[in-house]
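Visitor: I'd like to go over a predicted model; first the sequence, then the structure.
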Amino acid sequence: MTEREYNQTVLLVSNCRLNENTGRAEKFNTRQELLAERGWELEVSYVEPSLTGLLTGTYSTIRKARSADVVNSVSNPPHLQIAGGIAALATDTPWLAEFRDPLVQNPDVDLNSLAAQLRKYVEGSVIKYADKVVWYDGIQLKDSYFANTYSEVSNVEKIPPIGFEAKKFDSVPPTQFKKFTITYAGSFYDGWIEPYRFFEGFSEYLHKNSNPNVQALFYGDWKEDYDCAVDDLNIGEYIQTHSFVPHNEIVGILKGSDALLYIGGTDPRNKNNIPSKIYDYIGSKKPIIALAGPEFRVSKLIRNYDLGIVIHPENTEGVCEAITQIAKGEFEFNPTDSAEFTRERSTAAYIAALNSIS
């Protein structure tokens, strides 16, 4: 095999390394492959999200930026934009700032806190000094956010959703299950996005069906409190929990499942968010059971593209009915073509932004 020749190098300022078993690392690995096909080499400058990590990471990023054609910083956390911006300005290297998550309009940040004020300063500096700013359709931002917040936004561009890797979903075989399988893949958040109402609706379904041949699989973080809730409902034999698994493995699991679970809650801070797991769910071509506010953007997406069933998060009976419909084949699943939600499409827009400033 001949060594690949690259035309240009982009220095990605990240809080994860490419060999980590995380969702962000998986996405950046895909980016590395798609960039290579277009003559770009991806190099990573790791910045640990702490004060000490920011100092050492910024120094390392400056050193690496001297041989890069573009510095690409990402949000979140804000440390990455700070290190990337300083390195780009110090070395006079074109700077592409990327918003994969909001900085200020972030549901995990109190808008009245000191952290929010610091983030606002960082965000304003990014808008002012970056050569190009891109943000992904589907993160918790309104289309008008940057135009309404900053007077000069000629360098800001919205690009397609991060999406799923179409080639991977086409090539990974589905996992074979002997039971009707509902799968949840991802994290939960205390007091915000939690599975209690699903447990109750799932319990209703189990009680209405004798000898149900069904299981609910959870891949990701899990709390002892959830075990207590499962025990109280006496549904433990139908619940399986797993830690995070490599992305190739979860792709097969999603494709082999009969239904996929999404929990979005009712907190208005989550109204505009479409999490990355939804794109993997779309790529799996299996119906989604979504517990989310009816006016949430993710709910509208699922309804508009016929991707599954949306249920109010407090409607446990609706959970039972949704499982019943899908299990009995009564739900007509005929989703709209998913081509616009592919990572290949979003990466093409990202590369166009790179090319515009390199």
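Guide: Looks like it arrived, so ask away. Numbers count the residues shown, from 1 in each chain.

Visitor: number of nearby residues for Tyr196?
Guide: 16 (other C-beta atoms under 10 Å). All C-beta atoms are positioned from the backbone trio N, CA, C, and that covers glycine.

Visitor: quick one: contacts for it?
Guide: 226, 229 (C-beta atoms under 8 Å, 6 or more residues apart in numbering).

Visitor: please redo it, this time with the cut-off set to 10 Å
Guide: 188, 225-226, 229-230, 233, 263, 313, 316 (C-beta atoms under 10 Å, 6 or more residues apart in numbering).

Visitor: which one is the residue nearest the centre of the chain nearest to, not counting chain neighbours?
Guide: Residue closest to the average C-alpha location in the chain (C-alpha atoms, centre = their mean): Ser276, at 2.5 Å. The spatially closest residue to Ser276, leaving aside those adjacent along the chain, is Ile162, at 5.6 Å (C-beta to C-beta, 6 or more residues apart in numbering).

Visitor: which pLDDT value goes with Leu260?
Guide: Note on Leu260: pLDDT of 98.

Visitor: cool, and the one 5 residues further on?
Guide: Among the per-residue scores, Gly265 holds a pLDDT of 89.

Visitor: count of residues packed around it?
Guide: 19.

Visitor: separation between it and Leu354?
Guide: Distance, Gly265 to Leu354, by C-beta to C-beta, to the nearest Å: 36 Å.

Visitor: one more: Glu321?
Guide: On the measure of C-beta to C-beta, Glu321 and Leu354 end up 47 Å apart.

Visitor: what do you get for Val298?
Guide: Applying C-beta to C-beta to Val298 and Leu354 gives a distance of 29 Å.

Visitor: which one's more surrounded, these two?
Guide: When Val298 is set against Leu354 and neighbours are counted by other C-beta under 10 Å, the residue ahead is Val298, at 23 against 20.

Visitor: does that one count as helix, strand or coil?
Guide: Here Val298 is helix, with the state taken from DSSP: H, G, I helix; E, B strand; the rest coil.

Visitor: that one contacts Ser276, correct?
Guide: No - Val298 is beyond contact range of Ser276, at 11.5 Å (criterion: C-beta atoms under 10 Å).

Visitor: pull the contacting residues for Ala348.
Guide: 34, 38, 159-160, 342.

Visitor: got a PyMOL select line for the buried ones in those?
Guide: To isolate the buried ones among those in PyMOL, judged by 16 or more other C-beta atoms under 10 Å, type:
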select buried, resi 34+159+160+342
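
Visitor: could you dump the contacts of Ala348 to CSV with distance to Tyr150, secondary structure and pLDDT?
Guide: Below are those laid out as CSV (distance: C-beta to C-beta, whole Å; DSSP: H, G, I helix; E, B strand; the rest coil; pLDDT from 0 to 100):
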residue, distance to Tyr150, secondary structure, pLDDT
Leu34, 30, helix, 92
Arg38, 31, coil, 90
Ile159, 18, strand, 95
Pro160, 23, coil, 94
Thr342, 31, strand, 94
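
Visitor: spatially, which two of the contacts of Ala348 are the most separated?
Guide: By the measure C-beta to C-beta, the contacts of Ala348 have their two most distant members at Arg38 and Pro160, which lie 16.6 Å apart.

Visitor: could you give the number of residues near the closest residue to Phe333 other than its chain neighbours?
Guide: The shortest distance from Phe333 to any non-neighbouring residue, by C-beta to C-beta, 6+ apart, is to Pro287 (4.7 Å). Pro287: 23 surrounding residues under other C-beta under 10 Å.

Visitor: about what we covered before: overlap in contacts of Val298 and Ser276?
Guide: Gly138.

Visitor: please report how far Thr58 lies from Glu48.
Guide: If you measure Thr58 against Glu48 using C-beta to C-beta, the figure is 11 Å.

Visitor: can you check Phe199 too?
Guide: For Phe199, the distance to Glu48 - C-beta to C-beta - is 36 Å.

Visitor: who's more crowded, the two?
Guide: Phe199 (20 against 14).

Visitor: my read: the more buried one touches Val319, true?
Guide: Yes - contact status for Phe199 versus Val319: in contact at 9.1 Å, counting by C-beta under 10 Å.

Visitor: re the thing from before, touching, the residue nearest to Ser276 and Ile282? I think so.
Guide: No - with contacts counted by C-beta under 10 Å, Ile162 stays clear of Ile282, the gap being 11.6 Å.

Visitor: between the two, who's got more neighbours?
Guide: Using other C-beta under 10 Å as the criterion, Ile162 and Ile282 rank with Ile282 on top: 27 against 24.

Visitor: the helix or strand of the chain with the lowest mean pLDDT: which residues count as buried?
Guide: One helix or strand of the chain scores below all others by mean pLDDT, DSSP states H and E: helix 23-36, with a mean of 90. Neighbour-count burial for helix 23-36 flags 23, 25-32, 34-35 (criterion: 16+ other C-beta under 10 Å).

Visitor: tabulate these (CSV), appending distance to Tyr238.
Guide: Below are the buried residues of helix 23-36 laid out as CSV (distance: C-beta to C-beta, whole Å):
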residue, distance to Tyr238
Gly23, 27
Ala25, 32
Glu26, 29
Lys27, 32
Phe28, 36
Asn29, 34
Thr30, 34
Arg31, 38
Gln32, 40
Leu34, 40
Leu35, 44
